[in-house]
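1. Sequence first, then the predicted structure:
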Amino acid sequence: MRRELKKGIVNITAGIAVVVLLRVLVVFSSFVQHIDQALYAIVISFRTTVLTTFMRGVTVIGLEGIVAVGIAFLGFFLLQRRYTLVVRLAALLVGTYIAQDATKLFFNVPRPPISYWLVAESSSSFPSGHALGATVLFGFIYWLIARSGVHRFVCWSAYSVAIVIIFLVGLSRIYLGVHWPSDVIAGWILGFFWLRAVLR
């Protein structure tokens with residue numbers, strides 16, 4: 001138990017350290033700032049009516065979707081009396097929202113210019129809560145499938161689908177104009193290390 005707790009703390013610390021380092025690079029490196037802004041400009045330059053509709057749908061999977069799907073999984077696990085999974089998933093969900101709110105409050109980074117937004121937002125920019133939420137949710141679903149003993153092809157298929165969805169959710173936040181690429185990367189990083197901490 002003590003060893004697992006230590007590994008969890010190490011993963012959480014590592015995630016925070018990497019995110020802080022990323023933010024420091026964005027703030028103090030003009031080169032990194034240029035890349036961040038250039039990637040943002042490239043992504044929003046591909047806007048079309050059809051693609052905007054698609055991205056609006058994809059982005060819902062991130063923060064809003066994690067609540068609905070998470071509650072559904074919690075209910076299923078409770079009915080199955082799989083209490084270990086209930087605790088782990090509850091920790092992932094609660095931790096996701098705490099990590100998102102705490103880091104946003106700490107860094108308090110302004111979002112891109114509001115004139116580029118295609119959706120309304122009220123919180124600060126860094127990190128992307130949607131990217132964080134998608135990483136946690138679909139990382140957890142992949143973990144469930146991988147440990148169930150299914151065929152390797154099914155496992156790799158689930159992994160590929162999870163990666164694609166996580167990437168698209170992050171991309172949608174940039175496309176919709178409400179996040180810099182560095183915000184999205186930070187969300188992915190936090191989600192990855194939070195998964196490692198809870199599902200070690």
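-> Noted; the coordinates are in hand.
2. so where is the chain shaky, pLDDT-wise?
-> 1-5, 200 (pLDDT under 70).
3. quick one: buried residues of stretch 119-129?
-> In terms of neighbour count (16 or more other C-beta atoms under 10 Å), stretch 119-129 has its buried residues at Ser124, Ser125, Phe126, Pro127, Ser128, Gly129. Glycine gets a C-beta too; all of them are placed from N, C-alpha and C.
4. ok, now stretch 161-172?
-> Going by neighbour count (16+ other C-beta under 10 Å), the buried part of stretch 161-172 is Ala162, Ile165, Ile166, Leu168, Val169, Gly170, Leu171, Ser172.
5. what's the answer for stretch 82-102, then?
-> Per 16+ other C-beta under 10 Å, stretch 82-102 contains these buried residues: Leu85, Val86, Arg88, Leu89, Leu92, Leu93, Gly95, Thr96, Ala99, Gln100.
6. List the contacts of it.
-> Residues outside stretch 82-102 that contact it (C-beta atoms under 8 Å, 6 or more residues apart in numbering): 66-67, 70, 73-74, 77-78, 127, 129, 132-133, 136, 140, 144, 190-191, 194-195, 198-199.
7. ok, Phe46 - contacts?
-> By C-beta under 8 Å, 6+ apart, the residues touching Phe46 are Tyr175.
8. tell me the SS of it?
-> Put simply, Phe46 is coil when judged by DSSP: H, G, I helix; E, B strand; the rest coil.
9. Ramachandran coordinates for Phe76?
-> Phe76 adopts backbone torsions of phi -60, psi -50, taken as degrees, to the nearest 10.
10. how close does the residue most central in space within the chain get to Phe31?
-> When C-alpha atoms, centre = their mean is applied to the chain, the residue found nearest the centroid is Leu132 (1.8 Å). Noted for Leu132: a distance of 26 Å to Phe31, by C-beta to C-beta, to the nearest Å.
11. Which helix or which strand is home to Leu168?
-> Assigned by DSSP states H and E, Leu168 belongs to helix 152-175.
12. Which elements pack onto the helix or strand harbouring Ala68?
-> When elements are defined using DSSP H and E, Ala68 is found to belong to helix 49-79. Under the contact criterion of 3 or more C-beta pairs under 8 Å, 6 or more residues apart in numbering; DSSP states H and E, helix 49-79 touches helix 83-107, helix 129-146, helix 152-175.
13. what's the closest of those helices to Thr48?
-> Of all the helices and strands packed on helix 49-79, helix 152-175 sits nearest to Thr48, with 10.4 Å by C-beta to C-beta.
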